[in-house]
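Participant: Predicted model follows, preceded by the sequence.
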Amino acid sequence: MAPGWRSWGWRSVARGGSALADVPGLVFAKVLGSGYEGGFGLKPSWSRQGLFAVFDGLDAAAVFLAHGTRAQQLRQRSREHLVLVLRATSSRGSWSEKGIAPTRAVPATGLVASLTRASIKPTKAWPFWRRSPAAEEALAGAAGCQLAVGLGEAPLLRQCTFSLWEDQASMDAYARSGAHLQAIRASAAGGFFSESMFVRFVPLSVQGQWRGRHWNWTAERETQGTHDG
């Protein structure tokens, strides 16, 4: 967010998705804050934010990105602005009691993405955050990880991680090893979450800039489906 618009950005996070209630085709939306410099620590970022939106079809998502008031505001008021259009390949769990229906098969090659979000029980916040830094450090340096962002609806207790990978094999190698695997097992055994959702996606396009890196990538082919994030 550009310096002159940071207070607007924080008010947007506080309002959440309510300001987008009238967007045609929108299933649900989350306006998210971020860790410092888009990372995963407890220190918040004053400038980096995210919007996660699920639509009932690609056409509705395209109209929002091209003409939606909030989409235009974000472009105009940001120093860096990155947009990913995604289709889910697998999903389990829920976010505010809403889920995402997978609409694509896992690709044999090419970019894939992952979103993990959780509402952490207040009594489990310390055990969660005690394990979190090691897993996040491993993510930032993982082979094949193209982008990793720490996001959240609220400090400490409502957290979200989004990552983009060069292929499915790289994502799987990270998910099934090291500090991340230990954190997942501890979370399951300890009952850390009151609600969680884990989604994998295939990107249709990645356009814009994030932390100095420019993206202008579009998938070669796409078929129509029903839900798009």
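Facilitator: Noted; the coordinates are in hand.

Participant: Only the buried residues of the top strand by length along the chain, if you could.
Facilitator: What stands out as the longest strand in the chain, according to DSSP state E, is strand 193-210. Residues 193, 196-197, 199-206, 208, 210 are the ones in strand 193-210 that count as buried (16 or more other CB atoms under 10 Å). Where you see a C-beta, it was placed from the backbone N, CA and C, and this is true even at glycine.

Participant: Just name the closest of these to residue 24, please.
Facilitator: Nearest to residue 24 among the buried residues of strand 193-210 is residue 204, at 19.6 Å by CB to CB.

Participant: Quick check: residue 164 is in a strand.
Facilitator: Yes: looking at residue 164 with DSSP: H, G, I helix; E, B strand; the rest coil, it is inside a strand.

Participant: Let the chain start at 24 from now.
Facilitator: Yes, from this point I'll number from 24; that puts the last item at residue 187.

Participant: got a list of what the residue nearest the centre of the chain touches?
Facilitator: Centroid-nearest residue in the chain: residue 185, 3.8 Å away (criterion: CA atoms, centre = their mean). Contact analysis of residue 185 by CB atoms under 8 Å, 6 or more residues apart in numbering lists 73, 75, 136, 137, 138, 170, 171, 172, 174.

Participant: circling back: and the next element down the chain from the longest strand of the chain?
Facilitator: Scanning forward in sequence from strand 216-233 by DSSP states H and E, the next helix or strand is strand 236-241.

Participant: for that following strand, what is the average pLDDT?
Facilitator: In this model, strand 236-241 has a mean pLDDT of 96.

Participant: What residues sit buried inside it?
Facilitator: For strand 236-241, burial by neighbour count (16+ other CB under 10 Å) applies to residue 238.

Participant: now it and strand 216-233, what's the angle there?
Facilitator: Relative orientation of strand 236-241 versus strand 216-233 (axes from the mean of the first three to the mean of the last three CA atoms, to 10 degrees): 90 degrees.

Participant: Pairing partners for strand 236-241, with directions?
Facilitator: Strands adjacent to strand 236-241 in the sheet, as given by DSSP bridges, are strand 216-233 (antiparallel).
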